[in-house]
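K.L.:
Task: produce atomic coordinates for the following.
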Amino acid sequence: METSSSSKVNSSPKVIKRYQNRKLYDTQQSCYVTLEDIAKMIRASEEVTIVDNKTKRDITASTLAQIIFEAEKKASEYAPLKVLRDIIQTGNGSMSSYLAKLNVFEPSEIRRELDRSAPIEAEPKSYDDLKSSIDQRISSAANSLNESANTTLPTSSQNAIEITPELPGARSFEN
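P.N.:
Reported below is the predicted structural model:
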């Protein structure tokens, strides 16, 4: 009987609010939950959305990344060191950047996720306003990425050099 009630739950995402004290509150069940509880919900194929209570931003992706990180710490087997080093070197330590460089997901998925992580507005905007806002955000993100990259790099993708930022206190081992 529980499966039929859980299928009803899956029709709309369960909203979990994260408070400043880091507590997670399940608004549907009216109780506090843990990261492990959220992991169980996802394993049970429940749609879960985690929202920062103060800013109203969708923080689902960062919370799921935290769940993955916690599971990795408890795992008996780790990813090979070569892969972990490659994530740090080519993805600047970001799993998202690394997976994007491997073309694991489409650029449209990234844009859709950026839209979801925007603060939830109190009043709806028109389609044109939303489109303009999204276009501005994408343009701003692209501009900041371009500004952060060294503009003297070659434009040819064959000659492009990956820039890895220096860590504070790091020593250079060049000959």
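
K.L.:
And residue 106, what's its pLDDT?
P.N.:
Per-residue confidence (pLDDT) for residue 106: 75.

K.L.:
With residue 6 instead?
P.N.:
pLDDT, read off for residue 6, is 44.

K.L.:
what's the answer for the one 4 residues further on, then?
P.N.:
At residue 10, the model reports a pLDDT of 47.

K.L.:
Equivalent analysis for the one 10 residues further on, please.
P.N.:
With respect to pLDDT, residue 20 scores 91.

K.L.:
Could you find the closest non-adjacent residue to it?
P.N.:
residue 54 (6.1 Å; CB to CB, 6 or more residues apart in numbering). All C-beta atoms are positioned from the backbone trio N, CA, C, and that covers glycine.

K.L.:
ditto for residue 65
P.N.:
residue 95 (6.9 Å).

K.L.:
Compute the number of surrounding residues for that neighbour.
P.N.:
Look at residue 95: counted by other CB atoms under 10 Å, it has 12 neighbours.

K.L.:
in the protein, which helix has the most residues?
P.N.:
helix 127-148 (DSSP state H).

K.L.:
Check the average confidence over that helix, would you?
P.N.:
So the average pLDDT for helix 127-148 ends up being 72.

K.L.:
In terms of secondary structure, what does that helix contact?
P.N.:
helix 107-116 (3 or more CB pairs under 8 Å, 6 or more residues apart in numbering; DSSP states H and E).
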